[in-house]
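> Quick one: sequence and predicted model below, then my questions.
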Amino acid sequence: MEKIASFTIDHERLLRGIYVSRRDTTPAGDTVTTFDIRMTEPNREPALTPESLHAMEHLAATYLRNRPDWRDRVVYWGPMGCCTGNYLLMQGALEPCDILQLMRDTMDYVASFNGEVPGATSRDCGNYSFMDLAEAKRNARRYLDEVLNCITDENLSYPR
């Protein structure tokens, strides 16, 4: 059986950043770009806690789907199984530089958020108490300050 594309990335050299993971064409002929929003260095830094990722998922998805200039292009935001970041699926053949400011704004929203996490009730979420807002805020601030606000080409292209 052939390896899937994401298993061919050199995770030993992968840095935190924004990467194009794949592009797919829908049956209607539209392009969907999957972005790898890598928030920790795989196998070299601690993974994000699932509770932090869950809180971030609720906040980032709410922010992205309500932002007037991007909401019609957002398909999905959700955590990676390895807990080192998130996936963002967007309509269109986009590049990391196209969404850099959007990711800065999203992480600033998460890092600065105060109040009740949207959708964090037993009526709205299947595991509503499995969230760590404080840790999600710390992770978002670190990613914003250490990566997004000083991005380099190495943080925008997968290592080969």
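On my side now, so go ahead.
> And for the protein, the residue most distant from the center?
Going by C-alpha atoms, centre = their mean, the residue of the chain most distant from its centre is residue 1, 28.6 Å out.
> mind checking how far the residue most central in space within the chain is from residue 26?
By C-alpha atoms, centre = their mean, the mean C-alpha position of the chain lies nearest to residue 86, the distance being 3.3 Å. Separation of residue 86 from residue 26 (C-beta to C-beta, to the nearest Å): 22 Å. For every residue, glycine as well, the C-beta is placed using N, CA and C.
> If you drop the residues flanking it in sequence, what lies closest to residue 37?
Once flanking residues are discounted, residue 37 sits nearest to residue 86: 4.4 Å by C-beta to C-beta, 6 or more residues apart in numbering.
> All the helices of this structure, residue numbers only.
In the chain, the helices defined using DSSP state H lie at 50-66, 96-112, 133-146.
> Most tightly packed of those helices?
The densest packing among those, expressed as mean neighbour count by mean count of other C-beta atoms under 10 Å, is seen in helix 50-66 with a mean of 21.
> what comes up buried for stretch 10-30?
Neighbour counts over stretch 10-30 (16 or more other C-beta atoms under 10 Å) mark 11, 14, 15, 16, 17, 18, 19, 20, 21 as buried.
> And residue 31, how far from residue 19?
Applying C-beta to C-beta, the value for residue 31 to residue 19 is 17 Å.
> ditto for residue 129
Counting by C-beta to C-beta, the gap from residue 129 to residue 19 is 32 Å.
> what's the answer for residue 8, then?
Look at residue 8 and residue 19: by C-beta to C-beta, they are 13 Å apart.
> And residue 50, by the same measure?
From residue 50 across to residue 19, the span is 22 Å (C-beta to C-beta).
> Sweet, I'm off.
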